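1. Sequence plus the predicted model coming up.
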2 protein chains.
Amino acid sequence: MRELRGMPVVKALAEQFRGEVDELAQKGIVPKLAVVRVGEREDDLSYEKGLLKRFAAVEAKAEVTVLPEDCTQEKLEETIGALNADDSVHGILLFRPLPKHLSEEKIKERIAEEKDVDCMGIRNMAHVFAGEKSGYPPCTPQAVIELLDFYGVDLTGKKVTVVGRSLVVGRPLAMLLLGKNATVTICHKRTRNLEEECRRADIIIACAGAARMIRREFVREGQIVVDVGINMVDGKLCGDVDYKAVSEVAEAVTPVPGGIGTVTTSVLLKHTIQSAKRNS
Amino acid sequence: MRELRGMPVVKALAEQFRGEVDELAQKGIVPKLAVVRVGEREDDLSYEKGLLKRFAAVEAKAEVTVLPEDCTQEKLEETIGALNADDSVHGILLFRPLPKHLSEEKIKERIAEEKDVDCMGIRNMAHVFAGEKSGYPPCTPQAVIELLDFYGVDLTGKKVTVVGRSLVVGRPLAMLLLGKNATVTICHKRTRNLEEECRRADIIIACAGAARMIRREFVREGQIVVDVGINMVDGKLCGDVDYKAVSEVAEAVTPVPGGIGTVTTSVLLKHTIQSAKRNS
């Protein structure tokens, strides 16, 4: 069994990004992501730390604006508005979920489309749906594509079973896979005989948000299994795939942690550089 | 073999619409669709004729604005702008394709979202993608759902193979089917072994735009086959399904003409009434 780890993908992408950042530097441009964090959620802080490191490694900028936990909707909108207007900012990331008194629905449409590198807004999502290259797909589904690309998996004509139909992962991922000419089956909790739908695929992508639901009997030899799940069980991180059992059968599996999740901040960096190129 | 004709669906819907139009009439509202036609294309005229008849049958209004073939982009945008501003207009339909000197790309975003009953704009498409009920799905995929509903086909857990991945039919249809809890496989010209993908489905929906491509060997007993194709072969209309051969095997098939195409104007009427209700 091959373990498809995220870190080699991250390193290869960083190599490529360094060249792109250098080219932009010659025009006096430094790609910059504005990170907006409300409060001090532990998840946000941990993601932020990794992100800052990854941007610094290729000499791109990431600047964090921290708003107090009790900040008003107005203040949040002002902050986003100022970042929209700031020409030195190429991408905006707003941590979610927001505290309950703030409206995510309202704020997500306020981020300028060309800086919406995390695909919060409806227009970016529509571009993904339409298969247009002009938008920025959500980072997690795009990380799946980057990882498969890196490991040389040609998706053309392949049967891919996506388990999960969420708006943040399953649906946009299905669209990205179609764009790569895969034959895509979208499964969910109402699917009958999920086991068969998985076994007949060339590639299984688990993004249902249910710990270890893809078991040994769901897979067969020769398959690639991509695990997008992030679940906490007994205080330990695990994916949607029963890694130990599945890895005894499948040809290749992505681990959790250390798989897809590792690649998502690289996608954010990629989008920020793309935005800097497009708007310069 | 059961022939799933469109006309009984149209009649049942009209019955329901009449009640809704009556209710609106008591509030002094008449649902009204503004049809904008540029030039005198034969296809447009024929569709328009059917549409006017269908609206009249339930005492809803459809008013046609005709612009000359050589009209300017500015004039077209003015026309749309005036209809957006007119409170008596609940839906806007613009015939496409437009003459080549006009930009469809620009005009489609000018139609007010709440009057975009034909799902031209990106925001409406994004609602369909997100599975939100607030938008108006494109008429053809919605016509498929209406027809299956009418004939009592419960989609929950059913395996549906969609052949075609276009932005106007295949992709939005896949999303509507997911919303009905079907397990959806999206196939296209790069799919390997399309025959198998079709044979294993409970329901096959052909929307590839290739005359009679779904042949006898693609189907098995017990299947429902929905034909969305409209192709001209030797001056005769035919679908994407080889009707004669397929109907000898499948349990039920929609004919072309007389199937899905017949239902699309009823969907336009449905959306216009919905819009009148929402905005009154």
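-> Yep, it's here.

2. what are the ranges of the strands in the stretch 151-280 of chain A?
-> Using DSSP state E, counting those that start in this stretch, the strands found in the stretch 151-280 of chain A span residues A:159-163, A:183-187, A:203-206, A:224-227, A:231-233, A:236-238, A:252-253.

3. okay if I get those as CSV plus distance to chain B, mean neighbour count and mean pLDDT?
-> All C-beta spots, glycine's among them, are computed from the backbone N, C-alpha and C. Compiled in CSV, these are given as follows (distance: least, C-beta to the nearest C-beta, whole Å; neighbours: other C-beta atoms under 10 Å in any protein chain shown; pLDDT from 0 to 100):
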stretch, distance to chain B, mean neighbour count, mean pLDDT
strand A:159-163, 8, 26, 98
strand A:183-187, 4, 27, 98
strand A:203-206, 13, 27, 98
strand A:224-227, 16, 26, 98
strand A:231-233, 23, 11, 94
strand A:236-238, 25, 14, 95
strand A:252-253, 20, 22, 98
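
4. what residues does chain A put near chain B?
-> Near chain B, the residues belonging to chain A are A:122-123, A:125-127, A:129-131, A:156-157, A:159, A:165, A:167, A:171, A:174-175, A:178, A:181, A:183-188, A:190-192, A:197 when assessed by C-beta under 8 Å from any C-beta of the partner chain.

5. follow-up on the earlier one: let me have the strands of the stretch 151-280 of chain A in CSV, extended by distance to A:V117.
-> Below are these laid out as CSV (distance: least, C-beta to C-beta, whole Å):
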stretch, distance to A:V117
strand A:159-163, 23
strand A:183-187, 25
strand A:203-206, 23
strand A:224-227, 23
strand A:231-233, 26
strand A:236-238, 26
strand A:252-253, 29
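
6. closest one to B:L94 among those?
-> strand A:183-187 (31.6 Å; C-beta to C-beta).

7. Identify all contacting residues around that closest one.
-> Defining contact as C-beta atoms under 8 Å, 6 or more residues apart in numbering or on different chains, one finds that strand A:183-187 is touched by A:157-165, A:170-171, A:174, A:177-178, A:194, A:197-198, A:201, B:174, B:178, B:183-188, B:190-192, B:197.

8. Under a three-state scheme, what state does A:K100 occupy?
-> coil (DSSP: H, G, I helix; E, B strand; the rest coil).

9. before we move on, what SS does A:S134 have?
-> coil.

10. For A:M125, grab phi and psi.
-> phi -60, psi -40 (degrees, to the nearest 10).

11. which ones are touching it?
-> By C-beta under 8 Å, 6+ apart, the contact list for A:M125 reads A:119, A:135, A:138, A:167, A:172, B:126, B:129-130.

12. now do 10 Å
-> Shown in contact with A:M125 (C-beta atoms under 10 Å, 6 or more residues apart in numbering or on different chains): A:108, A:116, A:119, A:135-138, A:167-168, A:171-172, A:175, B:122, B:125-127, B:129-130.

13. Give me the buried entries from the residues you listed.
-> Taking 16 or more other C-beta atoms under 10 Å in any protein chain shown as the criterion, what is buried in the contacts of A:M125 is A:108, A:116, A:119, A:135-138, A:168, A:171-172, A:175, B:122, B:125-127, B:129-130.

14. Can you tell me which of the strands of the stretch 151-280 of chain A is nearest to A:E20?
-> strand A:224-227 (26.4 Å).

15. Roughly how far does A:Q274 sit from B:I205?
-> Using C-beta to C-beta, to the nearest Å, A:Q274 is found at 36 Å from B:I205.

16. scratch that, A:S134
-> Using C-beta to C-beta, A:S134 is found at 29 Å from B:I205.

17. ok, now A:T272?
-> In terms of C-beta to C-beta, A:T272 sits 40 Å off from B:I205.

18. what's the answer for A:D87, then?
-> On the measure of C-beta to C-beta, A:D87 and B:I205 end up 48 Å apart.

19. Likewise for A:V184?
-> As for A:V184, its distance to B:I205 is 15 Å (criterion: C-beta to C-beta).

20. for A:I230, same thing?
-> A:I230 sits 34 Å away from B:I205, going by C-beta to C-beta.
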